[in-house]
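Novice: Please work out how this folds:
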Amino acid sequence: MIRAALFALLLPLSVSAQEAVQSFAAPAATPDTEIIVRSTTDIAVLTPALNAFVALYPGISITYEQWGSNALYADSRAACEGQIPPADVVFSSGVHQMVDLVNRACASPYVSEITRALPASRTWRDELWGITLEPAVIIYNTALVPAEDAPTTRFALLDLMRRAETPYRGKIATYDVEASGLGFLFAFMDSLEATTFGGLLEGFARTNSVATCCSAEIIDGVASGEYLIAYNVLGSYVSSVPRENIGVIHPDDYTLLLSRAYMIPKTARNKDGAEVLLDFLLSDAGQNILAAGNLVQRPDSDETALSESAQRPIAIDPKLLVAMDRHRRTRFVGQWRSTFGALPAGGFLSAP
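Specialist: Residues are numbered from 1 along each chain as shown. Alright, predicted model coming up:
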């Protein structure tokens with residue numbers, strides 16, 4: 001009963017956290033089918049792919065709702081339990097949350113030639129599919145950070161933060177793991193992947209680093225000089241609006257690679273349309289459009305120049321359920337709070 005009550009308290013937050021809505025339909029078309037897509041991806045970033053889809057399928061329109069990852073998770077759980085109307089598609093960067101939804105029997109299965117072609121790391125139980133491939137990067141203000149200070153590894157970032165008279169006090173930013181499902185996922189994967197994680201938390205505390213919710217806020221802050229360096233930023237958002245004074249680093253020790261997860265809810269009202277959209281996004285045409293918008297980044301391209309050993313794809317599989325374990329999450333968030341302090345008023349945790 002207590003668990004149910006705590007979850008119910010999150011529902012008003014999920015509704016109020018819907019950030020934006022936009023409709024997509026082919027010009028002069030008269031669609032007879034509507035797909036409701038709830039997603040964490042910024043509308044502007046996904047617009048070219050959605051415009052191409054409705055042009056190819058003029059009988060289908062899309063209502064695209066942009067959400068924060070924690071709010072979308074709470075909303076999707078409520079819809080799964082029949083408390084609110086469902087989406088036809090849930091598409092989120094909070095991949096651990098999506099694995100949890102599938103594990104709770106909230107998804108509908110689908111198989112096609114295109115979904116079968118996905119690598120095992122980008123699909124699970126024919127109910128969850130990784131659509132994108134995006135790096136977690138370090139960014140810095142090229143006008144204010146000397147080239148020799150630009151940290152190409154986590155060890156180099158630690159060295160910057162350990163300087164006795166560091167100029168980076170209060171000038172390093174990262175995602176807040178309580179406000180951002182994506183931020184939690186990146187930090188949690190770091191804690192499993194890197195021996196440097198404890199040192200990073202110590203360095204963040206020593207330099208009064210800032211934890212905040214959102215990619216746009218962090219990127220704008222680095223561009224303006226409010227922050228000098230930002231850690232674990234989603235690279236696709238940095239590349240989507242290039243700025244002359246922002247440098248992008250794919251860490252040489254390892255670079256996490258995220259595939260945003262696509263799910264068709266079991267309660268979806270238009271599963272057929274959701275399946276058509278899934279196949280389009282995974283098709284060569286869809287992937288090329290997403291790549292042009294920096295949502296699919298080739299890890300062996302000249303731009304990234306990542307060695308195979310430095311590539312760390314976040315696999316869509318049951319191991320991510322560890323990140324959703326209540327007790328482990330509580331310990332992890334407690335460790336984070338001891339570094340950055342409690343979340344400001346208005347923030348919230350993911351649903352239990």
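
Novice: just the helices in the protein please.
Specialist: Counting by DSSP state H, residue ranges of the helices within the chain are 2-16, 43-56, 69-80, 95-103, 113-116, 154-161, 181-193, 197-206, 215-224, 235-240, 271-282, 284-292, 326-340.

Novice: Show me what the second one is packed up against.
Specialist: For helix 43-56, the elements it packs on are strand 18-24, strand 60-67, helix 235-240, helix 271-282, helix 284-292, judged by 3 or more CB pairs under 8 Å, 6 or more residues apart in numbering; DSSP states H and E. C-beta: built from backbone N, CA, C; applies to glycine.

Novice: quick one: that helix to chain centroid distance?
Specialist: Here the centre of helix 43-56 is set off from its chain's centre by 19 Å, with CA atoms, centre = their mean, to the nearest Å.

Novice: re the thing from before, out of the helices of the chain, the one nearest residue 317 is which?
Specialist: Using CB to CB as the criterion, the shortest distance between residue 317 and the helices of the chain is 7.3 Å, found for helix 95-103.

Novice: Work out the gap between that closest one and the centre of the chain.
Specialist: 13 Å.

Novice: What distance do you get for the residue most central in space within the chain to residue 81?
Specialist: Among the residues of the chain, residue 93 comes closest to the average C-alpha position under CA atoms, centre = their mean, at 2.9 Å. According to CB to CB, to the nearest Å, residue 93 stands 23 Å off from residue 81.

Novice: Residue 324 too?
Specialist: According to CB to CB, residue 324 and residue 81 sit 17 Å apart.

Novice: Same check on residue 316?
Specialist: The span separating residue 316 from residue 81 equals 23 Å under the rule CB to CB.

Novice: out of the two, which sits in the busier spot?
Specialist: Between residue 316 and residue 81, counted using other CB atoms under 10 Å, the more crowded position is residue 316 (28 against 13).

Novice: and that one, what does it touch?
Specialist: Contacts were defined as CB atoms under 8 Å, 6 or more residues apart in numbering; by that measure residue 316 touches 95, 98-99, 121-124, 128-130, 259, 261.

Novice: Show me how to select, in ChimeraX, the buried members of those.
Specialist: Typed into ChimeraX, the next command selects the buried ones out of the contacts of residue 316 (criterion: 16 or more other CB atoms under 10 Å):
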select :95,98,99,122,123,124,128,129,130,259,261
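
Novice: ok, of the contacts of residue 316, which one's closest to residue 71?
Specialist: Residue 71 lies nearest to residue 98 out of the contacts of residue 316, by CB to CB, at 13.9 Å.

Novice: Report the separation between the residue nearest to residue 149 when sequence neighbours are not counted and residue 132.
Specialist: The spatially closest residue to residue 149, leaving aside those adjacent along the chain, is residue 160, at 6.1 Å (CB to CB, 6 or more residues apart in numbering). Relative to residue 132, residue 160 is positioned 30 Å away (CB to CB).

Novice: Could you check which of those two is surrounded by more residues?
Specialist: Counting neighbours by other CB under 10 Å for residue 160 and for residue 132 shows that residue 132 has the greater number, 26 against 19.

Novice: Show the contacting residues for the more buried one.
Specialist: For residue 132, the residues meeting the contact criterion (CB under 8 Å, 6+ apart) are 236, 258-260, 290, 295-296.

Novice: Closest one of those residues to residue 69?
Specialist: Distances from those to residue 69 were compared by CB to CB; the smallest belongs to residue 260, at 10.1 Å.

Novice: mind checking how far that closest one is from residue 98?
Specialist: Look at residue 260 and residue 98: by CB to CB, they are 9 Å apart.

Novice: shared neighbours of those two, anything?
Specialist: Common contacts of residue 260 and residue 98 (CB under 8 Å, 6+ apart): residue 92.

Novice: how about the nearest residue to residue 275, chain neighbours excluded?
Specialist: Ranked by CB to CB, 6+ apart and with sequence neighbours excluded, the top spatial neighbour of residue 275 is residue 110, at 5.2 Å.

Novice: does residue 95 really touch residue 185, like I thought?
Specialist: Yes - in this structure residue 95 lies within contact range of residue 185 using CB atoms under 8 Å: 6.2 Å.

Novice: what touches both of the two?
Specialist: Between them, residue 95 and residue 185 share the neighbouring residues 258, 314, 320, with contact defined by CB under 8 Å, 6+ apart.

Novice: and which of these is nearest to residue 61?
Specialist: Of the shared contacts of residue 95 and residue 185, the one sitting nearest to residue 61 (CB to CB) turns out to be residue 258, at 28.6 Å.
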